[in-house]
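Enquirer: Dropping a prediction and its sequence here:
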Protein chains: 2
Amino acid sequence: MTTEVPANSKSQLAYEWLRDRIVSHRFTPGYRLVLSQIAGELGISTVPVREAIRRLEAEGLVTFEKNIGAQVALVDEGEYVTTMQTLAVVEGAATGFSAPLLTEEDLARAHAVNERLRDSLEHFDPRRFTELNEEFHAILFGRCPNEHITDLVRRGWSRLRMLRDSTFSFVPGRAVESVAEHEHIVELIAEGTDPIEVELAARRHRTATLDAFLRFQHDHGSGRAG
Amino acid sequence: MTTEVPANSKSQLAYEWLRDRIVSHRFTPGYRLVLSQIAGELGISTVPVREAIRRLEAEGLVTFEKNIGAQVALVDEGEYVTTMQTLAVVEGAATGFSAPLLTEEDLARAHAVNERLRDSLEHFDPRRFTELNEEFHAILFGRCPNEHITDLVRRGWSRLRMLRDSTFSFVPGRAVESVAEHEHIVELIAEGTDPIEVELAARRHRTATLDAFLRFQHDHGSGRAG
DNA sequence: CATGGCCAAATCGTATACGATGAGATATCT
DNA sequence: AGATATCTCATCGTATACGATTTGGCCATG
């Protein structure tokens, strides 16, 4: 579906400018987005900025209240859980739809990326891990013919990127499990397993990360999630 | 999540006005939405109309191209399939999440609605069938604690309402099966079946409608879908 | 008669301007 | 002093205006 906003419009400029700052944590949750201020900074008027903010709102990155203003969405632990659950469902489904259509070459690439993931672990490079992790999953559901679903997956990802920089940096040991699960999923697909099984495996993979996070949170008291 | 647009804003007025006309088929797919014209009709300016149209675009009810204009989204058979698949996934998931939380009273209400569905069948009242069908499913996933997912379900429904008035009017016999499947799902939940099984049953319920549609289309040649 | 370029109308995209609304500070009363 | 009313300011929501872009028809030309 991919919303059709022209690449060279001011509203698109504002959208990308804001989105970039939000997902890269330069604008943290709660940061107030004042239309006139942003417009001034970008040298445009407030109207396209407003439109950009509305789009970000629809994606859940921003909240916008009447006559009050917009701010980067505040997220609590509950939001993180909700987002991960949703992502588990849609990413799982996307992977299931994609699985029977993946070529051997796709699977080889997925395997290669997973090996690089293993490397990034040994060199303890969280940023790289996050990047490669997304690349891995993007390959797995890359052949999903249902664009609505892949859109939902991408949306979930960007929301997740806003929530926290990388998943595994918070939960020691989870990343190692993750790489092993990746391998398992690739094997399932290579063996021609029933797509529904592949879907559920992909879903469990993400649910496991969520559970690990919750256990970690619980064991270590505090409620930091944003 | 439920987007926070104030109830008494002009943009909200335009949004509801347009949305109502689209889902009720007064504005059919392909109908051109000219900003100035709509603004004039509503006695407001074009700016809030534009915002309303952008929202409808994000929901997939409208397409909007730069310097060309907006129109009610054109939908082909492929779009219908995609929408139904997506809905099968998210509605199934919502039902699965909701199932363990449903009270006996909820189930009794669901059962009652399903009986009324049976009635509407006997009196051949498609509109009523569609309404009750939504009510039935709304009860089933009503306890789903994940609002992101229920939002996705509602979005899918509105898109579906735009696509065609009711499903069963197109596929003779499908409605009867549908009512039987409803009963089956309620039983599964009442028996405390594993939520994943409930989810898959709910998903199959929708997939079956899609398959019936596709068979019907195939058997009767033509490609009417929009 | 077919084709290609040009012009005008329609429509969008954005800027600017201003009224409306809510939050916070200040003054006033008890 | 504490609470309440009021005032002011920041910010949004929308109207109006205008430049930018596309479309479709018209005319010139081969």
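Expert: Good, I have the coordinates.

Enquirer: How is chain A divided into domains?
Expert: Under the assignment automatic domain parsing, the domains of chain A span A:10-72, A:77-219.

Enquirer: Including mean neighbour count and distance to B:H218, could those go into TSV?
Expert: For glycine as for every other residue, the C-beta is placed from the backbone atoms N, C-alpha and C. Putting these into TSV (neighbours: other C-beta atoms under 10 Å in any protein chain shown; distance: least, C-beta to C-beta, whole Å) gives the following:
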stretch	mean neighbour count	distance to B:H218
domain A:10-72	17	37
domain A:77-219	18	19
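
Enquirer: I'd like to know which of these lies nearest to DNA strand C.
Expert: domain A:10-72 (2.8 Å; C-beta to the nearest atom of the strand).

Enquirer: Next, see if that closest one gets close to DNA strand C.
Expert: Yes: contact of domain A:10-72 with DNA strand C (C-beta under 7 Å from any atom of the strand) involves A:10-11, A:39, A:43-48, A:51, A:66-68.

Enquirer: Now for the spatially most central residue of chain A: which residues touch it?
Expert: In chain A, the residue lying closest to the centroid (C-alpha atoms, centre = their mean) is A:W157, at 1.3 Å. Going by C-beta atoms under 8 Å, 6 or more residues apart in numbering or on different chains, A:W157 touches A:L87, A:E134.

Enquirer: Against B:L152, how distant is it?
Expert: Remark: distance between A:W157 and B:L152 (C-beta to C-beta, to the nearest Å) = 15 Å.

Enquirer: just A:R128 next, same as before
Expert: Counting by C-beta to C-beta, the separation of A:R128 from B:L152 is 32 Å.

Enquirer: excluding its backbone neighbours, what's nearest A:E51?
Expert: A:S11 (4.3 Å; C-beta to C-beta, 6 or more residues apart in numbering or on different chains).

Enquirer: I'd assumed A:R54 was in contact with that neighbour.
Expert: No: assessed by C-beta atoms under 8 Å, A:S11 is found out of contact with A:R54, at 9.4 Å.

Enquirer: which residues touch the helix or strand hosting A:V113?
Expert: Element membership for A:V113 (DSSP states H and E) is helix A:104-122. Outside helix A:104-122, the residues that touch it by C-beta under 8 Å, 6+ apart are A:102, A:128-129, A:132-133, A:135-136, A:139-140, A:142-143, A:175-176, A:178-179, A:182-183, A:186, A:189-190.

Enquirer: pLDDT (mean, whole number) over it?
Expert: In this model, helix A:104-122 has an average pLDDT of 95.

Enquirer: what's the offset of the next helix or strand after that helix from the middle of its chain?
Expert: Using DSSP H and E, the helix or strand that follows helix A:104-122 in sequence is helix A:126-140. On the basis of C-alpha atoms, centre = their mean, to the nearest Å, helix A:126-140 is displaced by 10 Å from the centre of the chain it belongs to.

Enquirer: got the CA coordinates for helix A:126-140 in CSV?
Expert: Extracted in CSV, the C-alpha atoms of helix A:126-140 (Å, rounded to 0.1, in the frame of the first residue of the first chain):
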residue,chain,number,x,y,z
PRO,A,126,24.5,-4.0,19.4
ARG,A,127,23.8,-1.5,16.6
ARG,A,128,25.1,-3.9,14.0
PHE,A,129,23.1,-6.7,15.6
THR,A,130,19.9,-4.7,15.3
GLU,A,131,20.5,-3.9,11.7
LEU,A,132,21.4,-7.5,10.7
ASN,A,133,18.5,-8.8,12.7
GLU,A,134,16.1,-6.7,10.7
GLU,A,135,17.8,-7.7,7.5
PHE,A,136,17.5,-11.4,8.4
HIS,A,137,13.8,-11.1,9.0
ALA,A,138,13.3,-8.9,6.0
ILE,A,139,14.6,-11.8,3.9
LEU,A,140,12.4,-14.3,5.5
